[in-house]
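Asks: Build me a model from this:
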Amino acid sequence: MKMELELTRTYFPNGTNAVLRQTQDYMGGVICYTIELPWRDNKRQVSCIPEGRYELVRRYSREFGWHLLLKDVPNRSLILVHPANDAVKELKGCIAPVSVLTAEGKGLRSRIAHKKIMAITNKAYEEGKPIFLTIKS
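Replies: The predicted structure is shown next:
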């Protein structure tokens, strides 16, 4: 058994906003919203990543503590899910969970949303379930 998450994006000139859901959750499954950089042809550090299906793995760093890493992103590396409230100012291709969307690529209460994602995914990891994220528009 695996865990499937789905990120449904809306693209804007100044950022990308999305809804993150747990797809096999019969309760509707909305976990939080996300912000990313605008789409700029997958260029490193200035673009969100391509749509597709990625495996998520847990990762630890001093900067972000426990967070998630997307594996095998085409032509990119170290694409993370970590807290941020302004994509253009704080992200270089990563995905930031937010509790509320406020503008294109901007939101509020990212740390709260990040804790929620980590609680959900930690349970799956403890049960030995791989976690996959499908990004679509």
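Asks: Across the sheet, point out what pairs with Leu7.
Replies: Leu20, Ile135 (DSSP bridges).
Asks: Check the spacing between it and Ser61 real quick.
Replies: Note on Leu7: its distance to Ser61, by CB to CB, to the nearest Å, is 22 Å. All C-beta atoms are positioned from the backbone trio N, CA, C, and that covers glycine.
Asks: who's more crowded, those two?
Replies: The residue with more neighbours, out of Leu7 and Ser61, is Leu7; 22 against 12, by other CB atoms under 10 Å.
Asks: so who does the more buried one touch?
Replies: Neighbour list for Leu7: Ala18, Val19, Leu20, Thr34, Ile95, Leu133, Thr134, Ile135, Lys136 [criterion: CB atoms under 8 Å, 6 or more residues apart in numbering].
Asks: roughly how far apart are the residue most central in space within the chain and Ala18?
Replies: Nearest residue to the geometric centre of the chain (CA atoms, centre = their mean): Ile95, 3.9 Å. Per CB to CB, Ile95 is found 8 Å from Ala18.
Asks: now Ala87
Replies: Remark: distance between Ala87 and Ala18 (CB to CB) = 11 Å.
Asks: can you pull up the bridge partners for the residue nearest to the centre of the chain?
Replies: Beta-bridge pairing of Ile95 under DSSP bridges involves Val81.
Asks: pLDDT weak spots in the chain?
Replies: Applying pLDDT under 70 to the chain flags the ranges 25-28.
Asks: Where do the helices of the protein begin and end?
Replies: 87-90, 110-126 (DSSP state H).
Asks: got the CA coordinates for the first one in PDB?
Replies: Which is helix 87-90. What follows is helix 87-90, C-alpha atoms only, in PDB (Å, rounded to 0.1, in the frame of the first residue of the first chain):
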ATOM      1  CA  ALA A  87       7.800  32.100  -3.400                       C
ATOM      2  CA  VAL A  88       9.800  34.800  -5.200                       C
ATOM      3  CA  LYS A  89      11.700  35.900  -2.100                       C
ATOM      4  CA  GLU A  90      12.100  32.500  -0.300                       C
END
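Asks: Give me the distance between that helix and the centre of its chain.
Replies: Centroid separation for helix 87-90 versus its chain: 14 Å, with CA atoms, centre = their mean, to the nearest Å.
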